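Q: Fold the following, please.
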Amino acid sequence: MYLVRNSEPGTMKHDIFVSLGSSDVSNFQSPVPIDELNTSTPDLHFDPRHGFIWAFRDGGSGGGDLWETVQSADGSWSEPINMGASINTADDEELPSATLDGTIYFPSNRPGGYGQHDIWVAAAVNR
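A: As a prediction, the model looks like this:
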């Protein structure tokens with residue numbers, strides 16, 4: 001099970017963790033941070049099926065950005081890569097969720113919407 005939690009209460013130090021469990025999910029181990037995915041900035045959401053992260057990392061477009069990582073055969077994750085200007089803006093892009101074909105849905109407060117955080121869609125990612 002993957003989860004995000006505030007690893008330093010009273011701060012915005014959110015990190016991505018994994019907790020291994022049995023197949024009947026009755027016995028999970030203590031969560032451990034996934035070092036290759038965490039930074040000193042808030043890492044707020046992780047979609048492990050598609051490797052999408054919502055974070056405020058250095059090197060982004062401004063605000064919260066969407067990033068992508070790929071899991072290797074040994075279970076480790078690649079360094080997250082910013083999904084670029086076709087997805088990210090100087091505003092906030094958040095909480096990426098994807099369909100089985102990789103089409104991404106995400107809320108954003110970017111210009112051109114109807115309200116505070118509209119749902120935007122991006123075409124399937126080529127992998």
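Q: So which residue is dead centre in this protein?
A: With distances taken as C-alpha atoms, centre = their mean, the residue of the chain nearest its centroid is residue 53 (1.4 Å).
Q: Might you list the low-confidence residue ranges for the protein?
A: Applying pLDDT under 70 to the chain flags residues 24-25, 124-127.
Q: mind checking which helix or strand residue 3 is in?
A: strand 2-6 (DSSP states H and E).
Q: which residues touch that strand?
A: Strand 2-6 is contacted by residues 12-19, 31, 34, 43-46, 48 when judged by C-beta atoms under 8 Å, 6 or more residues apart in numbering. All C-beta atoms are positioned from the backbone trio N, CA, C, and that covers glycine.
Q: how does it look with 7 Å?
A: The contact list for strand 2-6 (C-beta atoms under 7 Å, 6 or more residues apart in numbering) reads 13-19, 31, 43-46, 48.
Q: if we take those, which one ends up nearest to residue 92?
A: Nearest to residue 92 among these is residue 44, at 10.5 Å by C-beta to C-beta.
Q: Could you check how far residue 7 is from residue 73?
A: Note on residue 7: its distance to residue 73, by C-beta to C-beta, to the nearest Å, is 28 Å.
Q: can you pull out the strands in the chain?
A: All strands of the chain, identified by DSSP state E, fall at 2-6, 14-18, 32-33, 43-47, 52-55, 65-68, 81-82, 97-98, 104-108, 118-122.
Q: Can you give me the distance of residue 31 to residue 85?
A: From residue 31 over to residue 85 (counting by C-beta to C-beta), the distance is 34 Å.
Q: My understanding was that residue 109 contacts residue 90; is that so?
A: No. Look at residue 109 against residue 90 with C-beta atoms under 7 Å: they stay out of range, at 10.5 Å.
Q: Looking at those two now, which is surrounded by more residues?
A: Taking residue 109 and residue 90 together and counting by other C-beta atoms under 10 Å, residue 109 has the greater number of neighbours (16 against 11).
Q: OK, contacts around the more buried one?
A: Neighbour list for residue 109: 91-92, 116-117 [criterion: C-beta under 7 Å, 6+ apart].
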